[in-house]
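# Sequence first, then the predicted structure:
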Amino acid sequence: NAGVTQTPKFQVLKTGQSMTLQCAQDMNHNSMYWYRQDPGMGLRLIYYSASEGTTDKGEVPNGYNVSRLNKREFSLRLESAAPSQTSVYFCASSPGPRLELFFGEGSRLTVL
Amino acid sequence: GENVEQHPSTLSVQEGDSAVIKCTYSDSASNYFPWYKQELGKRPQLIIDIRSNVGEKKDQRIAVTLNKTAKHFSLHITETQPEDSAVYFCAARGTSYDKVIFGPGTSLSVIP
């Protein structure tokens, strides 16, 4: 099993460009999450999806959109990237009910 | 509202000493209270969690204690070793069951 796979691992964008971060899990988990991690700020929840077809806002959703394409895949889209979105993005999935989240390796995004 | 706090934000101990990190949460639908460890450049990984009807759980050198009335739980690491150096995060569910919020993290340094 690959676990949680994120692509790309690194990306540099110019202000105003758009891009999509892809995430896929092969563990048959219902819940999936997107977090961003900035130095000293911990892991902040952007969006989450409790099941296929549902998505909900987290703590910092502004500037992002998500799609839960099917049970396996949960993508994060930046429509018009801003320097404030420079961060490391982590996708995670969880089988529930324990708070055991399985994280991907992370995607480092730089917006110039 | 939803809030997860951790103290201290940084902690430095001599090898062999004990370390204690405290997590305080506000509203939570959690039945489990986890601690995650994130080594430099790696993804966060669950190291221990405790169920809400249990006061303490141990796993070798690490333990977690829960005071559900006071809404806090703590990570205890005994006989610290250099490989314990990492950032530690606690997590709790938000007001929505599937919403998982992380604390800001505690950077632990174990000095040989």
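All right, it came through fine.

# can I assume residue B:3 is in contact with residue B:71?
No. Using C-beta atoms under 8 Å, residue B:3 is not in contact with residue B:71, being 10.1 Å away. For glycine as for every other residue, the C-beta is placed from the backbone atoms N, C-alpha and C.

# Overlap of the contact sets of these two?
B:25-26 (C-beta atoms under 8 Å, 6 or more residues apart in numbering or on different chains).

# residues contacting residue 21?
Went with chain A since none was named. A:6-8, A:34, A:75-78, A:89, A:91, A:107, A:109.

# try chain B instead
Residue B:21 makes contacts with B:6-8, B:11, B:35, B:74-75, B:88, B:90, B:106, B:108, as judged by C-beta under 8 Å, 6+ apart.

# For the chain, which segments count as strands?
All of this refers to chain A. Taking DSSP state E, the strands of chain A run over residues A:4-7, A:10-13, A:19-25, A:31-38, A:42-49, A:56-57, A:64-68, A:74-78, A:87-94, A:102-103, A:107-111.

# please go with chain B instead
Under the criterion DSSP E, chain B contains strands at B:4-7, B:10-14, B:19-25, B:32-38, B:45-51, B:56-59, B:62-67, B:72-77, B:86-93, B:100-102, B:106-111.

# Any chance of CSV for these, columns mean pLDDT?
Converted to CSV, the strands of chain B look like this (pLDDT from 0 to 100):
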stretch, mean pLDDT
strand B:4-7, 95
strand B:10-14, 98
strand B:19-25, 97
strand B:32-38, 96
strand B:45-51, 96
strand B:56-59, 96
strand B:62-67, 96
strand B:72-77, 97
strand B:86-93, 95
strand B:100-102, 94
strand B:106-111, 98
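
# Now distance to residue A:56 too, for the ones you listed, in CSV please.
Below are the strands of chain B laid out as CSV (distance: least, C-beta to C-beta, whole Å):
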stretch, distance to residue A:56
strand B:4-7, 18
strand B:10-14, 33
strand B:19-25, 19
strand B:32-38, 20
strand B:45-51, 22
strand B:56-59, 30
strand B:62-67, 27
strand B:72-77, 25
strand B:86-93, 13
strand B:100-102, 11
strand B:106-111, 28
